[in-house]
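# quick one, fold the following:
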Amino acid sequence: MNAIALPPPGADSPRPVQAARDRLIRMDEVERLTALKKSTIYANLRVKGGFPRPLRLSARAVAWRESEVLAWCDERTRVGDANV
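Numbers count the residues shown, from 1 in each chain. Below is the predicted model of the structure:
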């Protein structure tokens, strides 16, 4: 659960500030979380809605939002449980 931190009294911004940010994770951690290999992850990316899209960090680097990967894993678990 993400906590919302209120700004201190007298702060310029009346908007709440999100305390916890979504981590960006690289391929090795995506593989560990999903138990899939790189080739399978990229194959699932080619299918619409098959896997969360990565964010381009630079010309040769991408990363995924950890929350999106975990949500995908949860959804796959629910779908798999329904087919048993």
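# now Glu66. Nearest residue, chain neighbours left out?
The shortest distance from Glu66 to any non-neighbouring residue, by C-beta to C-beta, 6 or more residues apart in numbering, is to Arg23 (4.3 Å). The C-beta positions use only the backbone N, C-alpha and C, and glycine is treated the same way.
# you'd agree the one you found is up against Trp64?
No. Contact criterion C-beta atoms under 8 Å: Arg23 and Trp64 do not qualify, at 9.4 Å.
# where does the closest residue to Lys37 other than its chain neighbours land in three-state SS?
Spatial nearest neighbour of Lys37, chain neighbours left out: Glu31 (6.3 Å); criterion: C-beta to C-beta, 6+ apart. Three-state call for Glu31 (DSSP: H, G, I helix; E, B strand; the rest coil): helix.
# burial check on Glu31, number of neighbours?
Residues near Glu31, counting by other C-beta atoms under 10 Å, number 15.
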